[in-house]
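Trainee: here are the coordinates; sequence isn't available:
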């Protein structure tokens, strides 16, 4: 499932894979991340460097992290 794609709004392409990990394609080689917090930290590092990361992506991952912490699981 894609969370954002490279283009006018984004310098990163982020997908969640079937095994629950995340692949982030960015200026560096693709990296695999695990867990919403690790993904958020990575995306915030991109923003701090001046890279474009859509706010809706960070908001969605934050919501999913919070839902998981409260036992609500992933919402579609």
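Mentor: Cool, the structure landed. Being a predicted model, the structure only gives us computed values, none of them experimental.

Trainee: wait, what's in contact with the closest residue to residue 44 other than its chain neighbours?
Mentor: Excluding the flanking residues, the one nearest residue 44 by Cβ to Cβ, 6 or more residues apart in numbering is residue 58, at 7.5 Å. To be clear about C-beta, it is placed using only N, CA and C from the backbone, and glycine gets the same treatment. Residue 58 makes contacts with 40, 43, 44, as judged by Cβ atoms under 8 Å, 6 or more residues apart in numbering.

Trainee: Residue 58 sits in which helix or strand?
Mentor: helix 55-69 (DSSP states H and E).

Trainee: in that helix, what's buried?
Mentor: Within helix 55-69, the residues that count as buried by 16 or more other Cβ atoms under 10 Å are 57, 58, 61, 64.

Trainee: okay if I get those residues as CSV plus pLDDT?
Mentor: Formatted as CSV, these follow (pLDDT from 0 to 100):
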residue, pLDDT
57, 96
58, 96
61, 94
64, 90
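
Trainee: on that earlier part again, the contacts of residue 58, buried ones only, as a ChimeraX selection?
Mentor: To isolate the buried members of the contacts of residue 58 in ChimeraX, using 16+ other Cβ under 10 Å:
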select :40,43
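
Trainee: Closest to residue 24 out of the contacts of residue 58?
Mentor: residue 43 (7.9 Å; Cβ to Cβ).

Trainee: Now do the contacts for the nearest residue to that closest one once chain neighbours are set aside.
Mentor: Spatial nearest neighbour of residue 43, chain neighbours left out: residue 53 (4.9 Å); criterion: Cβ to Cβ, 6+ apart. Each residue near residue 53 by Cβ under 8 Å, 6+ apart is listed here: 4, 10, 11, 12, 43, 44, 46, 47.

Trainee: Residue 53 in helix, strand or coil?
Mentor: Under DSSP: H, G, I helix; E, B strand; the rest coil, the three-state class of residue 53 is coil.

Trainee: Could you check how far it is from residue 8?
Mentor: Noted for residue 53: a distance of 13 Å to residue 8, by Cβ to Cβ, to the nearest Å.
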